[in-house]
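Asks: just need the structure, nothing else, for what follows:
(4 chains)
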Number of protein chains: 2
Amino acid sequence: MARILLVDDDAQLLRALRINLTARGYVVVTAADGTGALTAAARTPPDLAVIDLGLPDLDGVTVVQGLRGWTGLPVIVLSARDAEAAKVAALDAGADDYVTKPFGMDELLARIRAALRRAAPAPDSGDATITTAAFTIDLAAKRLTTAAGEVRLTPTEWHLLEILARNPGKVIDHRRLLREVWGPAYGNETNYLRVHFANLRRKIEPDPARPRYVVTEPGLGYRFTP
Amino acid sequence: MARILLVDDDAQLLRALRINLTARGYVVVTAADGTGALTAAARTPPDLAVIDLGLPDLDGVTVVQGLRGWTGLPVIVLSARDAEAAKVAALDAGADDYVTKPFGMDELLARIRAALRRAAPAPDSGDATITTAAFTIDLAAKRLTTAAGEVRLTPTEWHLLEILARNPGKVIDHRRLLREVWGPAYGNETNYLRVHFANLRRKIEPDPARPRYVVTEPGLGYRFTP
DNA sequence: GGCCGGCGTCAAGAACGCGCCAAGGCCATC
DNA sequence: GATGGCCTTGGCGCGTTCTTGACGCCGGCC
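Replies: Sure thing, here's the model as predicted:
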């Protein structure tokens, strides 16, 4: 289920939201201030963030910009009723949606569902399985099967393969791969990519020395060709 | 500019919105009821729709579903303050966003901008292929194919070609090319350009000695002519 | 006619990126 | 406390790419 990052300095509200969301099956991570939110998001990027604009340390808009710098995850912003200027600023900074306090839990849940639905860029390709001559990727079930049987991939290998497989034929930057898998602090550690792609190829390529599906574009990045 | 479909039975509000939106450069189409909205959208699909939930003939949720049946265009829904149930229903029906009446014009405009921005996540993949008589450039996939087959370009060659191809017909300065590819510290190393453009021409020009597509403008820079 | 600056071409050495291997550390599980 | 899986880190060799310098060509200018 989706991971949701909650950011608010009101411990009571945080607790209420956590209970409601976990009851719906979401995995909830919380932070009480802006820096905590950014570090938490950097460590393990969530699928969606709910951010209160009135934080003790950073402006909520700053937090939104900090996230938008490296990830496209949907962001829902919370704030007091009369702060229309802040609303506009947050939306223009890249927030996806806005909820005014006080709000009904049903409304927030509906907006979260809507945002997550939008974020799944292609609902057909989200649940779809990608099939090649050598193997089949089931993105939803996180399963990869070859003619020889099922293959176990490590989390990083999955993450890398998934990004490539969702953009078939396209070259994905070194930087983008590193940012999406390891977080915004990474960008030059191309050796990570070399090692993990080598391991991945050893598992899924018919001839790992001459890869057919996970192709290197020297100096640019990597490409998945179905 | 973007086409926006406005659906509301309040003629006064419709007029006010039309004035404000056209003033911002949007093209506005209006409808006063649900059936009118659906037929208008079917005739010439807009880029975004703003729909009031309280229509005389159809339920607003029905209109949203009617649109969602065949198009993915972003939909913003309007309704009275106390209709939280309708809000939830509309969002789950596929509406992208929700604004409560009465609302400030700035907020609506910000939400429209946000929705349009989300809806156009791939401006590069749309116009990203440039075709000439001799070859095709796919900027998104970083692929270049000629009649003879696919051609591999080095990173610098790609970078140079991409800058020229994104400004077809325009002369690009030596300095700008050097700065964009090699960094701000470079500006006089025109010999780099000579070498790399020579290599590039050898790969993509039918007659590299007499270039047709990557043309030198002596003393000024280089130009891409499709 | 001779000079000069800008451009294209070529070739050689340096630098870089990549695949591969192997050792070490961290964490969770048993 | 031991084990095993996974990620990180460093080093090595190879091929490609970039840089650098030299040379010839062409057109404009004195």
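
Asks: for chain A, what spans make up the helices?
Replies: Here chain A has its helices, by DSSP state H, at A:11-23, A:34-43, A:60-68, A:84-93, A:105-119, A:123-127, A:155-165, A:174-182, A:190-204.

Asks: mean pLDDT for these: which is lowest?
Replies: Note on the helices of chain A: lowest mean pLDDT is at helix A:123-127, with a mean of 46.

Asks: export the helices of chain A to a markdown table and tack on distance to DNA strand C and mean neighbour count?
Replies: Where you see a C-beta, it was placed from the backbone N, CA and C, and this is true even at glycine. Output for the helices of chain A, formatted as a markdown table (distance: least, C-beta to the nearest atom of the strand, whole Å; neighbours: other C-beta atoms under 10 Å in any protein chain shown):
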| stretch | distance to DNA strand C | mean neighbour count |
| --- | --- | --- |
| helix A:11-23 | 19 | 14 |
| helix A:34-43 | 12 | 18 |
| helix A:60-68 | 25 | 21 |
| helix A:84-93 | 33 | 19 |
| helix A:105-119 | 27 | 19 |
| helix A:123-127 | 26 | 11 |
| helix A:155-165 | 12 | 19 |
| helix A:174-182 | 6 | 19 |
| helix A:190-204 | 4 | 16 |
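
Asks: which one is the residue of chain A found nearest chain B nearest to, not counting chain neighbours?
Replies: Distance from chain B to each residue of chain A (C-beta to the nearest C-beta) is smallest for A:Gly219, at 3.5 Å. Spatially, and ignoring its direct neighbours in sequence, A:Gly219 is nearest to B:Pro155 (3.5 Å; C-beta to C-beta, 6 or more residues apart in numbering or on different chains).

Asks: likewise for A:Thr190?
Replies: The shortest distance from A:Thr190 to any non-neighbouring residue, by C-beta to C-beta, 6+ apart, is to A:His174 (5.2 Å).

Asks: number of nearby residues for the residue of chain A closest to chain B?
Replies: For A:Gly219, the count of nearby residues is 13 (other C-beta atoms under 10 Å in any protein chain shown).

Asks: so what's it scoring on pLDDT?
Replies: 93.

Asks: for A:Arg202, give me its contacts.
Replies: A:Arg202 makes contacts with A:Pro208, as judged by C-beta atoms under 8 Å, 6 or more residues apart in numbering or on different chains.

Asks: what sits closest to the residue in chain A positioned nearest to DNA strand C if chain neighbours are left out?
Replies: Of the residues in chain A, the one nearest DNA strand C is A:Thr216, at a distance of 3.4 Å by C-beta to the nearest atom of the strand. By the measure of C-beta to C-beta, 6+ apart, the closest residue to A:Thr216 outside its immediate chain neighbours is A:Tyr222, 5.9 Å from it.

Asks: again with A:Met1
Replies: Distances taken as C-beta to C-beta, 6+ apart put A:Gly25 closest to A:Met1, at 4.6 Å, once the chain neighbours are dropped.

Asks: would you confirm that the one you found contacts A:Arg3?
Replies: No: using C-beta atoms under 8 Å, A:Gly25 makes no contact with A:Arg3, being 11.3 Å away.

Asks: please say which of the two ends up with more neighbours.
Replies: The residue with more neighbours, out of A:Gly25 and A:Arg3, is A:Arg3; 15 against 8, by other C-beta under 10 Å.

Asks: make sure that one is actually in contact with A:Thr22.
Replies: No: contact criterion C-beta under 8 Å: A:Arg3 and A:Thr22 do not qualify, at 11.4 Å.

Asks: how far away is the residue most central in space within chain A from A:Thr156?
Replies: Geometric centre of chain A, nearest residue: A:Asp47, 4.7 Å, by C-alpha atoms, centre = their mean. Computed with C-beta to C-beta, to the nearest Å, the distance linking A:Asp47 and A:Thr156 is 18 Å.
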